[in-house]
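Trainee: okay, predicted coordinates and the sequence, questions at the end:
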Amino acid sequence: MSRARVSLVALVASAGIPALLAQNLPAQAPARDTPARPAIGIAVIRGRVLEAGTDRPLARVDVRAISPVVSQPRAVKTDANGVYEIADLPPGRYVVSASKANYLTTSFGATRPMGPGKGFDLAAGTMAERVNIALLHAGVIAGTVVDEFGDPVVDAQVMTMRFVYVNGERRLTMAPGRASTNDVGEFRAFGLPPGDYIVAATYRSMMGGLDTAAVTYAPTFYPGTANVGEAQRIAVGAGQTVGDLVLPVLPVQPARIRGSVFDSRGRAVSKGFVNIMQQIAGAMVFGAGAPLSPDGTFTIDGIAPGDYIMRAGGGLDGETAAVRVSVNGSELSGIQLITARPSLLKGRIVFGAGAAPLKASAVHLNAVRGDPGLGNSTVTVHDDLTFEIKTTPGHLLLRTPNPGPQWRLNRVVADDVDVTDTGLDVPPNTTLSNIVVEMTHHVSEISGRVLTPDGQSTRDAYVIVFTQDPARWTTQSRHVAMSRPGGDDRFRVLLPAGDYFVCAVADIVPGQWTDPAYLGRIREHAIAFSLGEDDKRAIDVALSAIPES
């Protein structure tokens, strides 16, 4: 396996382009106060975007200027010479980033690929020039998929996946690079950010019947295993192509699944479709299905061993059904899916006195399912701040993300019982009313800077704030949060009153701050503090080096 590597040192651009991505090199500050000044009271940012390592101008790059003084990022595109200008800006502190398909999004002043960059101040009536950015290509994984005889497999689906944490559970998720093999079995998965990847191939043989010659192919992980625990991680650096992979797909004896679908009244569902999706370590990697017969029965052939989620629709009033099944290679029969109408949750959102309440359009109410694989929820907030949630049965938590600087979730009450942190158990075919989501303007906050060993503030950090009570290190806990320093080099976290730890780390697996085991490891590196009601604490946090588990 050959790997073409790109050195970060080679990214130092010539012709006045700052070395934005070179490790340990200081970022060049934008030039200001040129003779051609903008009109009084407004400011301008100018610069150029080049391809890192070649100095080739990049056209049609999306460039964004982000600042607390503008409600939405100001965006423009570069011209044929890679030049951009963002005008009519109010004075303030700005961060500028650039993005283009198949390149890594990069911010001005970044010290590593896809780092957060460095903010700079822009005064009224001034112009910041030479805010130049060099873009690296995204990574590529390339290779060939072959069958058990070493012959190339045409139209195999190749997926790149990464491990992340979802609600404290380590799961595989799909990464940007997906590909199909061509006529000689070759694939090229592109657009990959730096990181470690697992590559899998799926191929469903169109051979008919279930005689002894029939085969199907299990989802196969590089270098050639059906066990994700044995998969080899592939490290991809910025702008790197990892090529010449050979991935053999594994033949297995296919299974047949037979079953039937009934509606909530016990009648056969005669129209519709049954879908089946294979789930491996949280990732959906293979799909198949079959139509329903007039008597409500279905047959799905060619299914490899594994764990699946089956779904069916077509019942009255939008009824659906979902069930988990495990296939071991032999025929699976007698599966019954009973459809049910979505359950309905009704309630209202109330705002405590002391601040102007939000309009309904500004309220984001989420219904977070304990098992998202088995169904979705639809939330509607009306103008009078009443809401309806249509959901499949199961456990739900109600949350209000990003309610603004003046408000936060206080509690959720159902029939006079506080279910804020315990959640709701929703039965099938049920309407639950009298749910109250209380918002409060009594907002407690911790803010501060992250300091490097030499005492300098950095934006290239993750700040994790978590309660001192391990019993509250739970799914969607309001007492655990992650933040990153903004353009002013400060982080801010809103929390309920209580006793907390705060810790800053240089890097983290996405969602890892939801993992109780990780919180237990970083606790000894954290600062303990307390927040009272309406408390505002300012704490500077040293960047910690957390050892790998």
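Mentor: Noted; the coordinates are in hand.

Trainee: outside of stretch 462-471, which residues touch it?
Mentor: 446, 450, 473, 477, 479-485, 491, 493, 495, 498-508, 513, 516, 519-520, 522, 526, 528, 541 (CB atoms under 8 Å, 6 or more residues apart in numbering). C-betas here are computed from N, CA, C, even on glycine.

Trainee: identify the bridge partners of residue 85.
Mentor: Note on residue 85: beta-bridge partners by DSSP bridges are residue 46.

Trainee: these two touch, right, it and residue 46?
Mentor: Yes - counting by CB atoms under 8 Å, residue 85 touches residue 46, with 4.9 Å between them.

Trainee: so for these two, which residue has more residues nearby?
Mentor: In this view residue 85 and residue 46 are compared by other CB atoms under 10 Å, and residue 46 has more residues nearby, 19 against 15.

Trainee: re the thing from before, please indicate which of the contacts of stretch 462-471 are buried?
Mentor: 446, 450, 473, 477, 479-483, 485, 491, 493, 495, 500-505, 508, 513, 516, 519, 522, 526, 541 (16 or more other CB atoms under 10 Å).

Trainee: from the residues you listed, which land in strands?
Mentor: Among these, the members found in strands (DSSP state E) are 446, 450, 480-483, 491, 493, 495, 500-505, 541.

Trainee: nearest to residue 222, of the residues you listed?
Mentor: Here the nearest of those to residue 222, counting by CB to CB, is residue 505; it sits at 29.6 Å.

Trainee: quickly note the distance from the closest one to residue 483.
Mentor: 12 Å (CB to CB, to the nearest Å).

Trainee: so what touches the lengthiest strand in the chain?
Mentor: Scanning the chain for the longest strand, with DSSP E as the assignment, gives strand 169-180. Identification of contacts with strand 169-180 by CB under 8 Å, 6+ apart yields 138-141, 155-166, 187-193, 195, 197-198, 228, 280-283, 515.

Trainee: of the residues you listed, buried ones?
Mentor: 138-141, 156-165, 187-193, 195, 197-198, 228, 280-283, 515.

Trainee: which members of those occur in strands, if any?
Mentor: Within these, residues falling in strands by DSSP E are 139-141, 157-165, 187-192, 195, 197-198, 280, 283.

Trainee: what about the nearest residue to residue 337 once chain neighbours are set aside, how many residues nearby?
Mentor: Spatial nearest neighbour of residue 337, chain neighbours left out: residue 321 (4.0 Å); criterion: CB to CB, 6 or more residues apart in numbering. A count of neighbours around residue 321, defined by other CB under 10 Å, yields 25.

Trainee: state the next helix or strand along the chain beyond the helix or strand containing residue 321.
Mentor: Assigned by DSSP states H and E, residue 321 belongs to strand 321-327. Counting by DSSP H and E, the next helix or strand C-terminal to strand 321-327 is strand 332-338.

Trainee: pull out the buried residues from that next one.
Mentor: Quick answer for strand 332-338 (16+ other CB under 10 Å): 332, 335, 337-338.

Trainee: need the distance between the two termini of stretch 259-279.
Mentor: 20 Å (CA to CA, to the nearest Å).

Trainee: any low-confidence regions in the stretch 201-350 of the chain?
Mentor: Scanning the stretch 201-350 of the chain for pLDDT under 70 picks out the ranges 205-214, 281-282, 314-317.

Trainee: okay, now residue 97: neighbour count?
Mentor: Neighbours around residue 97, by other CB under 10 Å: 20.

Trainee: from here on, call the first residue 28.
Mentor: Sure thing, new numbering starts at 28, so read that last one as residue 124.

Trainee: give the bridge partners for it, please.
Mentor: With DSSP bridges as the rule, residue 124 is bridged to residue 91, residue 134.

Trainee: tell me where the stretch 428-576 of the chain has helices.
Mentor: Ranges of helices in the stretch 428-576 of the chain, per DSSP state H, counting those that start in this stretch, are 543-549.

Trainee: can you pull the contacts of residue 451?
Mentor: 372, 422-425, 441, 459, 462 are the contacts of residue 451 under CB under 8 Å, 6+ apart.

Trainee: how near is it to residue 265?
Mentor: 45 Å.

Trainee: circling back to that earlier point, contacts only, for the residue nearest to residue 364.
Mentor: By CB under 8 Å, 6+ apart, the neighbours of residue 348 are 288, 338-340, 342, 364-367.

Trainee: can you rerun that using 7 Å?
Mentor: Contacts for residue 348 (CB atoms under 7 Å, 6 or more residues apart in numbering) come out as 288, 338-339, 364-367.

Trainee: gap between it and residue 340?
Mentor: In terms of CB to CB, residue 348 sits 8 Å off from residue 340.

Trainee: also residue 203?
Mentor: To residue 340, residue 203 is 30 Å away according to CB to CB.

Trainee: okay, those two: which has more neighbours?
Mentor: Each of residue 203 and residue 340 has its neighbours counted (other CB under 10 Å); residue 340 has more, 19 against 14.

Trainee: looks like that one contacts residue 347 (just checking).
Mentor: Yes - with contacts counted by CB atoms under 7 Å, residue 340 reaches residue 347, the gap being 4.9 Å.

Trainee: for residue 355, which non-adjacent residue is spatially closest?
Mentor: In space, and not counting its chain neighbours, residue 355 is closest to residue 332: 5.5 Å by CB to CB, 6+ apart.

Trainee: which residues touch the one you found?
Mentor: Contacts of residue 332 (CB under 7 Å, 6+ apart): 245, 279, 354-356.

Trainee: ok, residue 503 - how many residues close by?
Mentor: 17.

Trainee: so what's it scoring on pLDDT?
Mentor: Predicted confidence (pLDDT) for residue 503: 85.

Trainee: just residue 59 next, same as before
Mentor: Model confidence at residue 59 (pLDDT) stands at 55.

Trainee: for the residue nearest to residue 537 when sequence neighbours are not counted, which residues are in contact?
Mentor: Leaving aside its sequence neighbours, residue 537 sits nearest to residue 191 (CB to CB, 6+ apart; 4.2 Å). For residue 191, the contact set (CB under 7 Å, 6+ apart) comprises 198, 200, 536-538.

Trainee: so what pairs up with residue 191 in the strands?
Mentor: Under the criterion used (DSSP bridges), residue 191 bridges to residue 198.

Trainee: picking up where we left off before, now do the strand holding residue 348 and strand 359-365, the angle between them.
Mentor: Here the directions of strand 348-354 and strand 359-365 differ by 160 degrees (axes from the mean of the first three to the mean of the last three CA atoms, to 10 degrees).

Trainee: strand 348-354: which residues count as buried?
Mentor: Quick answer for strand 348-354 (16+ other CB under 10 Å): 348-349, 354.

Trainee: and if you look at stretch 246-258?
Mentor: 246-249, 251-253, 255, 258.

Trainee: so how far is the first residue of that stretch from its last?
Mentor: Using CA to CA, one end of stretch 246-258 lies 12 Å from the other.
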